[in-house]
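K.L.:
A structural model of the following input is requested.
(2 chains)
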Amino acid sequence: MIEGRAGKVAIYVAATLAALAWLLPYAWMVSTSFKTLGEILARPADPLPAHPSVEGYREVFRAISVGRYALVTGAMATSIAALQVVLALPAGYALAKLRFVGRPFAAAAVLACLFVPAQASFVPVFLLFARLHWVDTMGALVLPFAASALGTLLVRQALQSVPDELVEAARMDGASEWTIIYRILAPTLTPTLISLFLVSFVFHYNDYFWPLVMTTDDSVRTLPLAIALLREQGTGVRWHIVMAGNVVLSLPILMLFAVLQRHLVRAVGLR
Amino acid sequence: MNPRARWHPWAMLGPSLAVLFVFFLLPMGVAAVESVFAWDLLTPPRFVGLDNYRSLMARGELPALLIRTTGYSLMVVAGTMALGLVLAVLLHRPGRFFAFVRASVFSAYVVSWVAVALLWMWMLDGNAGIAGRIVRALGGPPMALLGDRRTALPALAAIGVWKLTGYSMVVFLSGLESIPPLLLEAAALDGAGPFARFRHVTLPLLGPTAAFVATTSLATSFQAFDVVRIITQGGPARATELLVYAIYEEIFMNLRVGRASALTVVFFAMLFAVGLASLCLRRARTVS
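P.N.:
Numbers count the residues shown, from 1 in each chain, chains lettered A, B, ... in the order given. Here you go, the predicted model:
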């Protein structure tokens, strides 16, 4: 590109402004979380806490059992992500590699599900779970997301570039279809599977909607719900507590993102 | 390849198709059936025909809801696409600095809506919020964006833009990645400046990418719920009541399953329209 010196400076300035627009809010969140109530009331706009205090964090851990919520959230997100990988492999294999009557129909059904978010299906699903007495169970949180339309299509797409000969050779050697899928093909798809697992884990760790509508009991409620509740429970102006909760909620995900960015971005960039 | 046994493909697809069918396709039919009943979850359901739809129309509730939801979505889609495209072009450069800026923008897409909603609620707080303080320090008027009927919805949309721009930027970046550099070099040799190259080479080639971002972002914006539930609860004076929040209120606060189902049917219709549009755009791309 022919840009010249002025152009180059302008590009760096604009990029810096963009970074600030996204990083300053985080900085504000962290800064607020270390303030005291007195400071927030007296000088809410001071950039840095005058007397950094962990009182906000102490309050968060006093008000909610962070450990238990994190455990439930982690167990839920891990189960969903693992199930999606396990189920997407054979489904994607059938769609990518096997010729059979009804394949276009099956592919269309999966594609259609891509456009149906949980927010559209929750009323009927809630009624179903209420009838089965499944509300407030881990099953109600995990089962609806055990299969992923996106995951199935990603696996199909990745398998389309794996040569048929690999499968044919394995069949000649007497490998069963399950061995072929999980032992021979899965390792060749590692990047796709890692991306799928991570995207699914992050999405469900963060998810506020489904746990909110499917649970009322504290024993199966997740961390995002508990953090949002910090605000609802009449914390009023005690924003240092809410921001401390925010840091507790988002720090693990931001750290995960910092380390595994590549895998998360790849799944989003894919079409 | 042929399957080794005729039942193999169905055994492989079975679990996935069953889950997807029960939790994502069947609900469409169930919602349609429930929408012609009046039911409060306690007493037996009563058949009422199209009364649920009629009552939603009669008081202008449904049209208002659809206008609000579409308005919010269009603001978010236009904002994220414009910003995402600008940032993609700006940051499509080698080097660690630009990689860092790209990651900063994208990070908001990875963080929970809960964290984003609470953070912006604090920054836009009418009294102590930093945004208002800065405006006042610069001599501006006091502002309570989230408390004002006219500004609350655009404020929520702005928060959505901050959260989702990373998504559109990443997809546009992958679109830019697929433009052969030779084309741009050829245009440069023909004397096209940076702006002419962008206008006549880059932009037309990004068409399919833009169509993809537009339809997926639209579908995402239609689902908006978390910001409404956490920040405004639909207020002030219903100015931020979006479709999914209305469904949530009908079933869990008003215990009106019929009306919630009728709204769900409308939601499915909107998603169907977006899905159809995306399919047509995809087909148009493969044909051309």
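
K.L.:
Is the residue nearest to B:Ser278 when sequence neighbours are not counted in a helix, a strand, or coil?
P.N.:
Closest residue in space to B:Ser278, ignoring its immediate chain neighbours: B:Thr215 at 3.8 Å, by Cβ to Cβ, 6 or more residues apart in numbering or on different chains. Backbone N, C-alpha and C define where each C-beta goes, glycine included. Here B:Thr215 is helix, with the state taken from DSSP: H, G, I helix; E, B strand; the rest coil.

K.L.:
List the contacts of B:Thr215.
P.N.:
Residues near B:Thr215 by Cβ atoms under 8 Å, 6 or more residues apart in numbering or on different chains: B:Val274, B:Gly275, B:Ala277, B:Ser278, B:Leu281.

K.L.:
tell me the phi and psi of B:Phe37?
P.N.:
phi -120, psi 160 (degrees, to the nearest 10).

K.L.:
Point out where the chain drops to low pLDDT.
P.N.:
Since no chain was named, I'll use chain A. A:1-3, A:233-237, A:269-271 (pLDDT under 70).

K.L.:
The intended chain is chain B.
P.N.:
Using pLDDT under 70, chain B drops low at B:285-288.

K.L.:
can you give me the strands for it?
P.N.:
Along chain B, the segments classed as strands by DSSP state E run B:37-38, B:46-47.

K.L.:
Any residue of the last one touching chain A?
P.N.:
No. With Cβ under 8 Å from any Cβ of the partner chain as the measure, strand B:46-47 is seen stopping short of chain A, the closest distance being 15.8 Å.

K.L.:
Partner strands of that strand and their direction?
P.N.:
If you go by DSSP bridges, strand B:46-47 pairs up with strand B:37-38 (antiparallel).

K.L.:
List the contacts of the strand it pairs with.
P.N.:
Under Cβ under 8 Å, 6+ apart, the answer for strand B:37-38 is B:Pro45, B:Arg46, B:Phe47, B:Val48, B:Asp51, B:Asn52, B:Arg256, B:Val257, B:Gly258, B:Ser261.

K.L.:
Next: stretch B:260-270.
P.N.:
A:116, A:119-121, A:123-124, B:27-28, B:30-35, B:37, B:52-53, B:56, B:62, B:65-66, B:222, B:243-244, B:246-247, B:250-251.

K.L.:
hang on, the earlier thing: for the contacts of strand B:37-38, which one is nearest A:Ile184?
P.N.:
B:Ser261 (46.4 Å; Cβ to Cβ).

K.L.:
can you count the residues close to that closest one?
P.N.:
27 (other Cβ atoms under 10 Å in any protein chain shown).

K.L.:
what number of residues lie near the nearest residue to B:Pro236 once chain neighbours are set aside?
P.N.:
Distance criterion Cβ to Cβ, 6+ apart; nearest residue to B:Pro236, sequence neighbours excluded, is B:Arg149 at 5.2 Å. Residues near B:Arg149, counting by other Cβ under 10 Å, number 12.

K.L.:
Distance of A:Thr73 relative to A:Arg221?
P.N.:
For A:Thr73, the distance to A:Arg221 equals 9 Å [Cβ to Cβ, to the nearest Å].

K.L.:
ok, now A:Val135?
P.N.:
12 Å.

K.L.:
residues touching the residue nearest the centre of chain B, list them.
P.N.:
Nearest to the mean C-alpha position of chain B, by Cα atoms, centre = their mean, lies B:Ser221 at 1.9 Å. Residues in contact with B:Ser221, defined by Cβ under 8 Å, 6+ apart, are B:Tyr72, B:Ser73, B:Val76, B:Val77, B:Gly160.

K.L.:
Not counting sequence-adjacent ones, nearest residue to the first one?
P.N.:
This means B:Tyr72. B:Ala157 (5.3 Å).

K.L.:
How about the fourth one?
P.N.:
Spatial nearest neighbour of B:Val77, chain neighbours left out: B:Ser217 (4.7 Å); criterion: Cβ to Cβ, 6+ apart.

K.L.:
That neighbour is in contact with B:Leu164, isn't it?
P.N.:
Yes. Applying Cβ atoms under 8 Å as the test, B:Ser217 and B:Leu164 come out as touching, 6.6 Å apart.

K.L.:
where do the contact lists of these two overlap?
P.N.:
B:Val76, B:Thr80.

K.L.:
I'd like to know which of the contacts of B:Thr215 are buried.
P.N.:
B:Val274, B:Gly275, B:Ser278, B:Leu281 (16 or more other Cβ atoms under 10 Å in any protein chain shown).

K.L.:
Need the distance between the two termini of stretch A:207-219.
P.N.:
With Cα to Cα, to the nearest Å applied, stretch A:207-219 spans 17 Å between its terminal residues.
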